[in-house]
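Undergrad: Fold the following and give me the result.
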Amino acid sequence: MGMAAWPGLLAFLLVVVFTPLVKRIAAQTGMVAVPKADRWHRTHIPLMGGVGIVVASVVAVLVGHPTSMPVWVLLSCATGLAVVGFVDDVRVLKPQTKLFLQIFAAGVMTVVGLQFQFTGIVALDMLITLVWLVGITNALNLLDNMDGLAAGIAAIVAAFRLSFFLADGSAEGVLLSSVLLGACLGFLVFNFNPASIFMGDTGSLFLGFMVAGLSLVGGWPYARGTTLVLVLPVLVVLVPIFDTTFVTVARILAGRPVSQGGRDHTSHRLVALGMSEKQAVLTLYGLAIAGGGIAWFSYRQGLSYGAVLAILLVLGTALLGIFLGRLKVYPEGEAPSGVALLLADFTYRRQVVTVAVDTVLVVVAYYTAYLLRFEAGFPSEQAVFAQSLPFVLLAQVVAFLVMGTHRGIWRYTGLWDLIRLAQACAAGTVLSVLGVLFLYRFEGFSRAVFVIHGVLLFVLVAATRISFRALDSSLRRDPPDAEPVLVYGAGKGGLLVMREVRENLDLGWRVVGFLDDDVTKHATRVDGVRVIGGLDQLASAIGATGATRVVLATPKLSPERLGALATVCEGLEVSLVQAHLRFERLS
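TA: Residues are numbered from 1 along each chain as shown. Got it, this is the predicted structure:
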């Protein structure tokens with residue numbers, strides 16, 4: 001079966017050979033991407049890289065001698081959409097025209113029998129298939145917004161598809177997925193940052209339809225009337241779905257047309273937070289690999305544990321979307337109106353989001369507790385779990401509401417917030433136990449389940465609360481032109497000063513080190529920044545860090561010590577600034 005994958009190597013080599021030729025022709029004929037305000041690239045880049053992908057893929061598949069009808073239908077429909085994309089690259093087509101042709105191609109797939117068989121209702125299954133094919137095709141098309149992103153995600157999807165097909169023994173699936181993988185990897189040689197050629201709609205529509213269509217070929221066991229029919233395909237293509245959903249919701253809330261382009265995708269926002277383009281793309285690669293990995297785990301081990309991982313991944317992805325949504329990327333003059341205004345007002349109600357997240361986590365924690373206690377899907381305990389879940393959910397949510405855990409602002413979560421969360425989880429668990437004891441006399445219930453549930457719930461809820469703060473810290477980047485400063489005082493005052501410097505970009509400072517007279521603090525770190533030494537090390541610290549300013553964070557310095565510090569700063573020609581936390585009575 002592995003020999004069926006060799007056309008993938010051929011596709012890789014063909015793309016590597018064809019692409020330089022395509023790039024030269026595109027440059028000579030003026031087929032280049034011109035920089036625009038709503039586009040990411042800043043130089044003229046040749047288009048038409050998708051031509052090499054399509055030609056190489058078709059040739060490689062033909063060499064593989066496919067004999068099954070699904071391979072020919074999928075390849076023909078994808079190639080037809082590549083032609084549509086080529087025409088759109090040459091002379092822009094109307095969005096509705098492209099959409100109609102995509103629906104037509106998807107319709108051909110369903111007419112010949114390539115469709116999901118999820119509900120058993122033919123018309124409904126056809127509709128689901130149409131939405132899937134058209135949706136994923138457009139999702140990958142929209143994802144083609146940064147060097148190497150669309151091709152890389154398509155390669156990851158193809159790699160996981162290939163692993164599924166190899167496990168299933170599907171020769172036709174192995175052929176298509178290996179060719180798609182090879183073509184994408186070959187194109188990444190030229191398209192990964194910094195890209196020397198773009199695929200254009202020719203490539204993105206072809207890859208998008210192929211990625212979507214792979215779910216319908218090969219006779220996968222989970223692709224024919226099982227619970228996994230949509231779960232695994234969705235996990236494998238999580239990134240395109242996430243990006244498209246995020247951009248759609250963000251534009252609706254901003255009162256912008258969904259079809260209007262812009263630099264507001266997840267990749268663009270990651271860069272706006274401080275990542276480089278490569279880091280942003282690799283981050284989305286990681287998310288795609290996580291989705292594919294959970295899909296593979298679920299396929300091999302079943303949905304018992306896979307469902308927990310899938311829910312947590314989807315929830316984490318949604319929280320990432322909320323975090324990225326805080327960035328202001330649209331012009332100040334644009335404001336939502338009508339329904340968009342109502343939706344925007346609703347989304348800023350953090351408490352509603354918090355309660356919804358907590359509700360999901362209660363169910364996940366309780367289900368996982370049963371899995372850890374009884375394993376193998378706990379078939380004999382399913383009735384007990386279902387019987388008690390509503391009461392456990394109610395008890396825990398009530399405990400959260402009474403303790404006020406939904407009122408906090410996540411990015412400012414501190415120790416006392418976590419303590420209150422622990423108290424709420426404990427109170428909810430105790431209330432659940434008392435309720436089960438009162439209603440069912442604890443017959444058939446495991447005490448260990450409730451202990452595991454309480455611990456898991458605290459871990460999960462605490463993780464959500466600190467997620468925004470962790471993302472803020474990990475993604476924070478100082479402005480490149482920020483003035484380096486040293487903070488004198490590595491205690492609470494110094495920590496307060498550093499946080500103000502980090503949050504208040506108007507200061508234009510970045511803390512490069514701490515100084516403190518307490519020798520026990522030397523060579524330690526305050527929130528990741530090193531305590532270099534005391535006053536005696538000031539000169540060497542300035543020489544090593546290039547600091548041009550010293551910020552005094554403590555008011556406890558003696559006049560003699562303050563005078564000595566001022567003298568040293570004056571001699572080194574650096575300014576000395578006293579930080580004050582001042583309370584003034586206004587009325």
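Undergrad: Any regions of the stretch 51-200 of the chain where pLDDT drops low?
TA: Within the stretch 51-200 of the chain, no stretch has pLDDT under 70.
Undergrad: mind listing the helices for it?
TA: Ranges of helices within the stretch 51-200 of the chain are 69-90, 95-111, 122-143, 149-168, 171-191, 200-213, based on DSSP state H, counting those that start in this stretch.
Undergrad: Looking at the ones you listed, which is nearest to Arg407?
TA: Judged by CB to CB, the one of the helices of the stretch 51-200 of the chain that comes nearest to Arg407 is helix 122-143, at 36.2 Å. Quick note: C-beta positions are derived from backbone N, CA and C, even for glycine.
Undergrad: quick revisit: quick one: closest of the helices of the stretch 51-200 of the chain to Arg561.
TA: Closest to Arg561 of the helices of the stretch 51-200 of the chain is helix 149-168 (CB to CB; 54.9 Å).
Undergrad: From the contact counts, what lies against that closest one?
TA: In terms of contacts (3 or more CB pairs under 8 Å, 6 or more residues apart in numbering; DSSP states H and E), helix 149-168 is packed against helix 122-143, helix 171-191, helix 200-213, helix 228-236, helix 277-301.
Undergrad: 10 Å instead?
TA: Other elements packing on helix 149-168 under the criterion 3 or more CB pairs under 10 Å, 6 or more residues apart in numbering; DSSP states H and E are helix 6-28, helix 49-63, helix 122-143, helix 171-191, helix 200-213, helix 228-236, helix 238-253, helix 277-301.
Undergrad: What is the burial count for the residue lying closest to Phe206 once chain neighbours are set aside?
TA: Leaving aside its chain neighbours, Phe206 sits nearest to Ala82 (3.9 Å; criterion: CB to CB, 6 or more residues apart in numbering). Using other CB atoms under 10 Å, Ala82 has 27 other residues around it.
Undergrad: Report whether the expected contact of Ala82 with Ala183 is present.
TA: No: the criterion here is CB atoms under 10 Å, and Ala82 misses it with Ala183 at 11.8 Å.
Undergrad: Residues that sit against both of those two, list them.
TA: By CB atoms under 10 Å, 6 or more residues apart in numbering, Ala82 and Ala183 have these common neighbours: Gly50, Ile53, Val54, Val55, Ser57, Val58, Gly203, Phe206, Leu207, Met210.
Undergrad: pretty sure the fourth one is in contact with Phe18, am I right?
TA: Looking back up the chat, that one is Val55. Yes: counting by CB under 10 Å, Val55 touches Phe18, with 6.0 Å between them.
Undergrad: Tell me which of these two has more neighbours.
TA: Taking Val55 and Phe18 together and counting by other CB under 10 Å, Phe18 has the greater number of neighbours (21 against 18).
Undergrad: quick one, what contacts the more buried one?
TA: Neighbours of Phe18 in contact, by CB under 10 Å, 6+ apart: Gly49, Val51, Gly52, Ile53, Val54, Val55, Ala56, Val59, Ala183, Gly186, Phe187.
Undergrad: Now, of the residues you listed, which are buried?
TA: Among the contacts of Phe18, those buried by neighbour count (16 or more other CB atoms under 10 Å) are Gly49, Val51, Gly52, Ile53, Val54, Val55, Ala56, Val59, Ala183, Gly186, Phe187.
Undergrad: now for those residues, which pair is the farthest apart?
TA: Taking CB to CB, no two of the buried ones among the contacts of Phe18 sit farther apart than Gly49 and Val59, at 16.2 Å.
Undergrad: hang on, the earlier thing: distance to Asp481 added to the buried ones among the contacts of Phe18, as CSV?
TA: Output for the buried ones among the contacts of Phe18, formatted as CSV (distance: CB to CB, whole Å):
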residue, distance to Asp481
Gly49, 36
Val51, 43
Gly52, 41
Ile53, 41
Val54, 45
Val55, 47
Ala56, 45
Val59, 51
Ala183, 43
Gly186, 40
Phe187, 37
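Undergrad: rewinding a little: so which of the helices of the stretch 51-200 of the chain has the densest surroundings on average?
TA: Highest mean neighbour count of the helices of the stretch 51-200 of the chain: helix 200-213, a mean of 30 (counted as mean count of other CB atoms under 10 Å).
Undergrad: on contacts alone, who are the packing partners of it?
TA: Checking 3+ CB pairs under 10 Å, 6+ apart, helix 200-213 ends up next to helix 49-63, helix 69-90, helix 95-111, helix 122-143, helix 149-168, helix 171-191, helix 228-236, helix 238-253.
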